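J.: Build me a structure from this.
(one chain, ligands or ions: 2)
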Amino acid sequence: MQEKYIDENKQGEAIATAERPDNSKKLFLESYGCQMNFSDSEIVASILNEQGYNTTQNVEEADLILLNTCSIREKAEQTVRMRLSQFKNLKKDKPSLTVGVLGCMAERLKTKFLEEEQLVDLVVGPDAYRDLPNLLKETDDGRDAINVILSKEETYADINPVRLGGNGVTAFVTITRGCDNMCTFCVVPFTRGRERSRDPHSIIEECKNLWESGYKEITLLGQNVDSYLWYGGGPKKDFKNATEMQRLTAITFSQLLDMVAVAVPKMRIRFSTNNPHEMTEEVFRMIAKHENICNYVHLPVQSGSDAMLVKMNRQHTRQEYLDLIKKGKEIVPEISFSQDMIIGFCGETEEDHQQTLSLMREVEYDYGYMFSYSERPGTPAHKKMEDDIPADVKQRRLAEVIALQGELSRKRMMGYVGRNHEVLIEGTSRKNENQWKGRNSQNAVCVFDKLEGQKLGDIVTIFVHGNTQGTLLGETV
Ligand code: SAH
Ligand code: F3S
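T.: Residues are numbered from 1 along each chain as shown. Ligands and ions are numbered 1, 2, ... in the order given. Sure thing, here's the model as predicted:
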């Protein structure tokens, strides 16, 4: 199963790009997990670019190996541990090689990492990347180095990310960092700290720069984009002390969308992730208002059962979620939704599970990201609840949920057949080099034969004549 939105075959892929010709040191940088990590890696590459490092895809020639890690489930952490063990021989052959761990595992395990993994020299949490130059001085002197201090302000707003390994067409733009939600199962609030929003001016500037560099689609990123709030400085938690003037001029997520859509009128705009308890109707209105905002919302729900939603501290009911979906479909008739589900959370009964299946049928998601519950140390669920659903029951329920999503996806894809779609050409199809792949506004992947004169980054009109479970098959009109 793939991690969210990041191509399965990109997980852990080392990414490289043309950088400063006079840089002599080589950085091998791999990212795991969510889009935010891939985006953060671009900030890290940018910071290290200034320090004499260019990226490489050849681990053998690296002076510095960095893994940007994920803690969301136990399996994600195991993957990183396994990857680290593969560097042992390299380090033996080249003692000057520095191996560092970035991101959520660094934050969660802190000095434990240095104790447990002899191989690791450097541990850096998601808010401490600006300190990398200093930390590398320490490792150059032969000492282990660590900075896992979380910040209430850091947004890296002024750092121009080095666009790594992309297609030159689609890019991520971070708008908020951290999360204050405290869903009981989730490790993110502990690894990524308090929520903070980025200055809208720097966001707009980055979007404009991307357009000028030839990018055609951006995804605005946050753990929880709906809680974006900018009122002229200071974290959201201080908003209660804001002045009258600051209150009146504060910028919300839907207003930010409006601003971005106007600033880059031909850029396709996507965003992720929305949170049902904070998302407003206004976001749907912005999708309807602007041609360039895509008709697609990723709206994680985790469970269709009210009892589970309470235990998970999701702060909305099943009905509220369904009402929001209904509003979305009313305001944007062409809208598509995708989901995240956690299967087999503490105390989940067969009835709760049926509620999840029935909610999925009601919403008719285009696709989803479904995983068994994985208990994470230190989370409220770990402290107060029992991970009591046997592994085989979790597996069976997960299989049922995945099978149903397969059915729904197929049905949704069939609904796109027989008409034209605007598709952004994002690359060559993996299966057939004579075909392009791209996505329609609803985020459905579409493949079609290449025609003379078509190129990466073009938006083309495609007549869709068929589909598989997850892909549309079409031809240029
Ligand atoms: N706000 C972020 C959440 C990041 S976690 C976002 O919505 O993108 C991404 C997904 O991982 C969550 O929506 C949830 O479905 C899943 N997840 C989080 N913690 C988990 C756990 N302990 N076990 C299994 N899945 C989990
Ligand atoms: Fe995690 Fe819930 Fe935030 S899933 S990232 S605590 S919205």
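J.: so where's the stretch 51-200 of the chain shaky on pLDDT?
T.: For the stretch 51-200 of the chain, no stretch has pLDDT under 70.
J.: Show me which residues of it are close to ligand 2?
T.: C179, N181, M182, C183, C186, V188, P189 (CB under 6 Å from any ligand atom). Every C-beta, even on glycine, is put in place using the N, C-alpha and C of the backbone.
J.: how about a cut-off of 8 Å?
T.: Within reach of ligand 2 by CB under 8 Å from any ligand atom, the stretch 51-200 of the chain has these residues: C179, D180, N181, M182, C183, F185, C186, V187, V188, P189, R192.
J.: Keep only those of those that are in helices.
T.: V188, P189, R192 (DSSP state H).
J.: Please identify which of the residues you listed is nearest to ligand 2.
T.: Set against ligand 2, the nearest of these by CB to the nearest ligand atom is V188 (3.5 Å).
J.: How about that closest one: what's its closest non-neighbour residue?
T.: Take V188 and drop its neighbours on the chain: the residue closest to it by CB to CB, 6 or more residues apart in numbering is C179, 5.1 Å away.
J.: Check which residues of stretch 429-441 are buried.
T.: Within stretch 429-441, the residues scored as buried using 16 or more other CB atoms under 10 Å are S429, Q435, W436, K437, G438, R439, N440, S441.
J.: Just the terminal-to-terminal distance for stretch 147-165.
T.: Terminal residues of stretch 147-165 are spaced 27 Å apart (CA to CA, to the nearest Å).
J.: Give me the distance from it to the chain's centre.
T.: 15 Å (CA atoms, centre = their mean, to the nearest Å).
J.: Could you tell me which of the buried residues of stretch 429-441 are located in strands?
T.: Residues of the buried residues of stretch 429-441 located in strands (DSSP state E): Q435, W436, K437, G438, R439.
J.: Now tabulate the residues you listed in TSV and tack on pLDDT.
T.: Below are these laid out as TSV (pLDDT from 0 to 100):
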residue	pLDDT
Q435	98
W436	98
K437	97
G438	97
R439	98
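J.: Adding distance to P126, write the residues you listed out as JSON lines.
T.: Shown next, in JSON lines, are those (distance: CB to CB, whole Å):
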{"residue": "Q435", "distance to P126": "38"}
{"residue": "W436", "distance to P126": "35"}
{"residue": "K437", "distance to P126": "31"}
{"residue": "G438", "distance to P126": "31"}
{"residue": "R439", "distance to P126": "28"}
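J.: Check these and tell me the two furthest apart.
T.: Every pair in these was compared (CB to CB); the two farthest apart turn out to be Q435 and R439, at 14.2 Å.
J.: Where does pLDDT dip in the stretch 351-477 of the chain?
T.: The model of the stretch 351-477 of the chain has no residue with pLDDT under 70.
J.: Which residues in the biggest helix by length in the chain does the neighbour count mark as buried?
T.: When the chain is parsed with DSSP H, its longest helix is helix 391-415. Of the residues in helix 391-415, 393-394, 397-398, 400-401, 404-405, 408-409, 412-413, 415 count as buried by neighbour count, 16+ other CB under 10 Å.
J.: What of stretch 355-363?
T.: Within stretch 355-363, judged by 16+ other CB under 10 Å, the buried ones are Q355, T356, L357, L359, M360, V363.
J.: ok, the last one touching Q339?
T.: Translated: V363. Yes: in this structure, V363 is within contact of Q339 by CB atoms under 8 Å, at 7.3 Å.
J.: re the thing from before, measure how buried the residue nearest to V188 is and give me the count.
T.: Using other CB atoms under 10 Å, C179 has 22 neighbouring residues.
J.: contacting residues around the residue in the stretch 151-300 of the chain that ligand 1 sits nearest to?
T.: Minimum separation of the stretch 151-300 of the chain from ligand 1 (CB to the nearest ligand atom) falls at T273, amounting to 3.4 Å. With contact taken as CB atoms under 8 Å, 6 or more residues apart in numbering, T273 is in contact with G222, Q223, N224, V225, H298, P300.
J.: how much space between it and F284?
T.: T273 sits 16 Å away from F284, going by CB to CB, to the nearest Å.
J.: from the buried residues of stretch 355-363, which single one is nearest L248?
T.: V363 (36.5 Å).
J.: ok, and the closest non-adjacent residue to that closest one?
T.: Spatially, and ignoring its direct neighbours in sequence, V363 is nearest to I325 (5.3 Å; CB to CB, 6+ apart).
J.: Look at the one you found and say how many residues are nearby.
T.: I325: 21 neighbours (other CB under 10 Å).
J.: need the helices for the stretch 201-350 of the chain, in chain order.
T.: Using DSSP state H, counting those that start in this stretch, the helices of the stretch 201-350 of the chain run over 244-249, 253-263, 281-289, 306-311, 318-331, 350-363.
J.: surely E400 meets L357?
T.: Yes: at 6.7 Å, E400 counts as touching L357 under the criterion of CB under 8 Å.
J.: Distance to T243 added to the buried residues of stretch 355-363, as JSON lines?
T.: Shown next, in JSON lines, are those (distance: CB to CB, whole Å):
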{"residue": "Q355", "distance to T243": "45"}
{"residue": "T356", "distance to T243": "45"}
{"residue": "L357", "distance to T243": "49"}
{"residue": "L359", "distance to T243": "43"}
{"residue": "M360", "distance to T243": "45"}
{"residue": "V363", "distance to T243": "41"}
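J.: how about these, which pair is most distant?
T.: Maximum distance among the buried residues of stretch 355-363 (CB to CB): 12.6 Å, for Q355 and V363.
J.: Tell me how far the closest residue to ligand 1 within the stretch 351-477 of the chain lies from ligand 2.
T.: Across the stretch 351-477 of the chain, no residue is closer to ligand 1 than S374, which sits at 3.9 Å (CB to the nearest ligand atom). Using CB to the nearest ligand atom, to the nearest Å, one gets 13 Å for the distance from S374 to ligand 2.
J.: hang on, isn't E422 packed against V464?
T.: No: judged on CB under 8 Å, E422 makes no contact with V464 at a distance of 11.4 Å.
J.: Neighbour count: the two, which is higher?
T.: Legend: neighbour count by other CB under 10 Å for E422 and V464, higher for V464 (23 against 15).
J.: isn't there a strand covering that one?
T.: Yes: applying DSSP: H, G, I helix; E, B strand; the rest coil, one finds V464 inside a strand.
J.: when you give positions from now on, start the count at 490
T.: New numbering, starting at 490: the last item is V953.
J.: if we can go back for a sec, for the residue nearest to V677, list the residues it contacts.
T.: With CB under 8 Å, 6+ apart, C668 has these contacts: C675, V677, P678, R681, E684, Q712, N713.
J.: one step back: quick check, pLDDT for the residue of the stretch 640-789 of the chain closest to ligand 1.
T.: pLDDT for T762: 96.
J.: try the one 4 residues further on
T.: H766 carries a pLDDT value of 96.
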